[in-house]
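1. below: sequence and its predicted model.
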Protein chains: 2
Amino acid sequence: MILTVTLNTALDVTHRVPRLLPHASHRVTGVAERPGGKGLNVARVLGALGHPVTATGFAGGPAGTLVRELLADCPGVTDALVPCAGTTRRTLAVVDETTGDTTQFNEPGPQITAGEWSAFLARYAELVSGARAVALCGSLPPGVPVGAYATLVRTARTAGVPVLLDTSGEALRRGVAARPEIIKPNSAELAELTGSREPLPATRDARRRGAHAVVTSLGPGGLLAATPDGTWQAAPPRALSGNPTGAGDSAVAGLLSALAEGLDWPARLTRAVALSAATVHAPTAGEFDPRTYEEVRGSVKVTPL
Amino acid sequence: MILTVTLNTALDVTHRVPRLLPHASHRVTGVAERPGGKGLNVARVLGALGHPVTATGFAGGPAGTLVRELLADCPGVTDALVPCAGTTRRTLAVVDETTGDTTQFNEPGPQITAGEWSAFLARYAELVSGARAVALCGSLPPGVPVGAYATLVRTARTAGVPVLLDTSGEALRRGVAARPEIIKPNSAELAELTGSREPLPATRDARRRGAHAVVTSLGPGGLLAATPDGTWQAAPPRALSGNPTGAGDSAVAGLLSALAEGLDWPARLTRAVALSAATVHAPTAGEFDPRTYEEVRGSVKVTPL
């Protein structure tokens, strides 16, 4: 199985309103809820692709209970979340049906105690030993040490299990130094890590900081990968219109599933780009459209640099 | 005890954000939750005043569970909510900390089945027999017959228990015809019921439609009451600045508690106006400030018309 870690899980709530007017009262015409946080998004995509996946991290309070109930309905995903006394955060996306724009409200995560963090580390060590690959995704809730991802990377490396790290800021900086197999920054995260806004030099620089491979997301332009086997740009056949929410998480699922299958880098990038494009193009934010995926993956262009 | 009915209970969530910007992503700096829906607000105020109160209506799903947990912490309030299979709605108030303005998002209520409605009617009949007064408050969730309040008014009248009805639109129109003891419209609800925007004639007209007494809320101007014992205007000593959320529910709690204690109309109106003003002036929306209440209730001006 593939293990995904989401320390700061979320209940993602979407409210649709006819038109967003600040300081007015709105009748919500549509409500949707799903398990959220980057690692849970990755797990849902892996499960939908037919890869057995185990999801761990923290869940607590009423929103945590609901996240677990919703996760139970995601095919292929095994729930190994660790309970915490605090309450799992909600994220609220208000979709303005007139303009299509989204306004986002993100609650802070629960305070994690030292005891809960220890309980998580024990559970994680146990789960890693049975995993083919690990994804460490997203922000750290309050109370989790800022070097958390470095610790988790080292545990996986000791067990001989490859790790993909997808986070930002100081958590990324420290995690990279522990030498994960892959990191997948977007342009902003890469610039914050390296100080450079030029994608190719910055991607190569990030490798020198410790990651074996760096896959930089270029948004609609696809992916840029600096790896031990070479450097490539992988681009979709055409720019697809839609909602980019979750496109990065689908790319992670593509990279990780192809790695677990022993595919080479061009094949991994092809899958990641196709899943990403199929997510942008899907009618529901954060889901991927299987038809677009099948259609795009035959025509992703992978260019050696 | 006093019985309050909230057919469309809510989990009231408040998000504080530094500044609301449409189509941006916001870090929520403060989250608060409390049991909501007009009848539960009335129950909380009655409980805080030291009146034993029983709250009924529907609760279901994760939000319903949380409403019940929060209600358990409200002093003096007994939970007699009836479970439903649908999910209790959430209301979200986003407070812009720069301007102080609030943007409100109200989810639709749960679909109530015919079986659930019957179960509620049985529970209500049982509870009414032990009540000194009943408050019927707020909107009807989908599936509840539009004549619901008329039915509930009749049950209480048959049991000899006075009823206050606080709702709007067709539910109010039909409820009034069943001859409740008191209705408490605001100016807009009264205009919708009577077709007139002139408070005094409209208040008198509403009495002729069936209510024994009509107490119209004039906002900062206080209350206008047409009753079998006379017609009065009751006004606070000065306009108090603050948030009017919940002021109407506090007025209902004031009217009902004074009625249950056998006080006369001027005393009922004095209490309702003072509680209302103390709610507008409270630091937390929907709560009342006990000091302001004590201060104002000595100086409410009740004028016979």
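-> Perfect, I can see it now.

2. count of neighbours near residue A:25?
-> A count of nearby residues for residue A:25, using other C-beta atoms under 10 Å in any protein chain shown, gives 12. All C-beta spots, glycine's among them, are computed from the backbone N, C-alpha and C.

3. please apply the same query to the one 3 residues further on.
-> Neighbouring residues of residue A:28 were enumerated by other C-beta under 10 Å; the total is 21.

4. what does residue A:188 give?
-> Residue A:188: 11 surrounding residues under other C-beta under 10 Å.

5. dump stretch A:38-53 to CSV, restricted to CA.
-> Extracted C-alpha coordinates of stretch A:38-53, given in CSV (Å, rounded to 0.1, in the frame of the first residue of the first chain):
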residue,chain,number,x,y,z
LYS,A,38,-3.6,17.7,0.9
GLY,A,39,-2.7,14.1,2.0
LEU,A,40,-6.4,13.1,2.1
ASN,A,41,-6.9,14.5,-1.4
VAL,A,42,-3.9,12.4,-2.6
ALA,A,43,-5.3,9.3,-0.9
ARG,A,44,-8.7,9.8,-2.6
VAL,A,45,-7.1,10.1,-6.0
LEU,A,46,-4.8,7.0,-5.4
GLY,A,47,-7.9,5.0,-4.2
ALA,A,48,-9.8,6.1,-7.3
LEU,A,49,-6.9,4.9,-9.4
GLY,A,50,-7.1,1.5,-7.8
HIS,A,51,-4.1,1.8,-5.6
PRO,A,52,-4.6,0.5,-2.0
VAL,A,53,-3.8,3.5,0.2
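
6. where's the residue in the stretch 201-305 of chain A that chain B sits nearest to, which helix or strand?
-> The nearest approach of the stretch 201-305 of chain A to chain B comes at residue A:245, 10.9 Å away (C-beta to the nearest C-beta). Using DSSP states H and E, residue A:245 falls within no helix or strand.

7. what do you get for residue A:87?
-> Using DSSP H and E, residue A:87 maps to neither a helix nor a strand.

8. out of everything not next to it in sequence, what's closest to the residue of the stretch 201-305 of chain A closest to chain B?
-> Nearest residue to residue A:245, sequence neighbours excluded (C-beta to C-beta, 6 or more residues apart in numbering or on different chains): residue A:285, at 4.4 Å.

9. likewise residue A:146?
-> Closest to residue A:146 by C-beta to C-beta, 6+ apart is residue A:170, at 5.3 Å.

10. look up how far chain B lies from that neighbour.
-> Going from residue A:170 to chain B by C-beta to the nearest C-beta, to the nearest Å gives 17 Å.

11. thought residue A:277 was touching residue A:240?
-> Yes: the criterion here is C-beta atoms under 8 Å, and residue A:277 meets it with residue A:240 at 5.0 Å.

12. overlap of the contact sets of these two?
-> By C-beta atoms under 8 Å, 6 or more residues apart in numbering or on different chains, residue A:277 and residue A:240 have these common neighbours: A:292, A:296.

13. which one's more surrounded, those two?
-> Neighbour count, other C-beta under 10 Å: between residue A:277 and residue A:240, residue A:277 has more, with 30 against 19.

14. ok, the more buried one - contacts?
-> Counting by C-beta under 8 Å, 6+ apart, residue A:277 has contacts A:236, A:240, A:247, A:292, A:293, A:296.
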